[in-house]
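Asks: can't give you the sequence, but here's the structure:
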């Protein structure tokens, strides 16, 4: 039987735990409305109290590097926390390594979160979607509805925090960071990352052997 969880009840759980609204809603549904059980489950998942720390200043941390096998793609990542003590913690180092590997594993990821995506990128994506052949002859309201859904999907593809964690697809990268915030007791933020792909942006020389042979013969 589907249990109806009110927004007020979700807010109450959020106020008690500091966990995100969606996590609170899921916890209440899983607990069939039992507030105590929902709180217990959130604490087990490491989500309780995470959002309460999310506004605290984080200026310590580390710069992590990851070079994928074959040395054709790599990532530099800056991950911040509040103290040097946590910056040296093995859990923090593991998180940084996992995040760098995640970026390599997700070729579409270009931004940390959806709010970092520039408006001109969103406008370009909308323009591309509106011109697609499969919807161009549909009524305007249906086209706009389809495009809206596709844009939402596309923005998630571009955002690192929206990705399913490669080591545990049941949680997102945002969930993973919330878990580590609760575990380590400090705010943790991805400040920036840079992906390096061998030869990216360079004009690659193509060898036209038939033309080369023809030139040699003519000379």
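Replies: Received, thanks. Keep in mind that this is a model prediction, so the values were computed, not measured.
Asks: quick one: buried residues of the longest helix along the chain?
Replies: Ranked by residue count and defined by DSSP state H, the top helix of the chain is helix 140-158. Within helix 140-158, the residues scored as buried using 16 or more other CB atoms under 10 Å are 143, 146-147, 150-151, 154-155, 158. All C-beta spots, glycine's among them, are computed from the backbone N, C-alpha and C.
Asks: That one - contacts with which helices or strands?
Replies: Helix 140-158 sits against helix 119-130, with contacts defined as 3 or more CB pairs under 8 Å, 6 or more residues apart in numbering; DSSP states H and E.
Asks: and for the helix it packs on, what are the contacting residues?
Replies: Under the contact criterion CB atoms under 8 Å, 6 or more residues apart in numbering, helix 119-130 has outside partners 135, 143, 146-147, 150-151, 154-155, 158.
Asks: Looks like residue 81 contacts residue 95 (just checking).
Replies: No: the pair residue 81 / residue 95 is not scored as a contact, 9.5 Å apart, by CB atoms under 8 Å.
Asks: Looking only at neighbour counts, state which of the two leads.
Replies: residue 81 (27 against 22; other CB atoms under 10 Å).
Asks: returning to that earlier point: who's in contact with the longest helix of the chain?
Replies: With CB under 8 Å, 6+ apart as the criterion, helix 140-158 contacts 108-111, 114, 117, 121-122, 125-126, 129-130, 135-136, 138, 162.
Asks: now do 10 Å
Replies: 106-111, 113-117, 121-122, 125-132, 134-139, 162-163, 172 (CB atoms under 10 Å, 6 or more residues apart in numbering).
Asks: try stretch 84-100
Replies: Contact with stretch 84-100 is made by 58, 60-68, 74-81, 83, 160, 163, 165-168, 173, 176-177, 179-180, 183-188, 190, 193, 195, as judged by CB under 10 Å, 6+ apart.
Asks: go again using 7 Å as the cut-off
Replies: 60-62, 64-66, 75, 77, 79, 81, 167, 180, 183-184, 186, 190 (CB atoms under 7 Å, 6 or more residues apart in numbering).
Asks: Show me these that map onto helices.
Replies: Using DSSP H, the members of the contacts of stretch 84-100 that fall in helices are 180, 183-184.
Asks: Now do the domain split for this protein, please.
Replies: 7-48, 60-197 (automatic domain parsing).
Asks: Now tabulate these in TSV and tack on mean pLDDT.
Replies: Shown next, in TSV, are those (pLDDT from 0 to 100):
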stretch	mean pLDDT
domain 7-48	80
domain 60-197	92
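Asks: Can you say which of those domains is packed in most?
Replies: Of all the domains of the chain, domain 7-48 has the most neighbours on average by mean count of other CB atoms under 10 Å, namely a mean of 18.
Asks: chain center to it: distance?
Replies: Chain-centre distance of domain 7-48: 22 Å, with CA atoms, centre = their mean, to the nearest Å.
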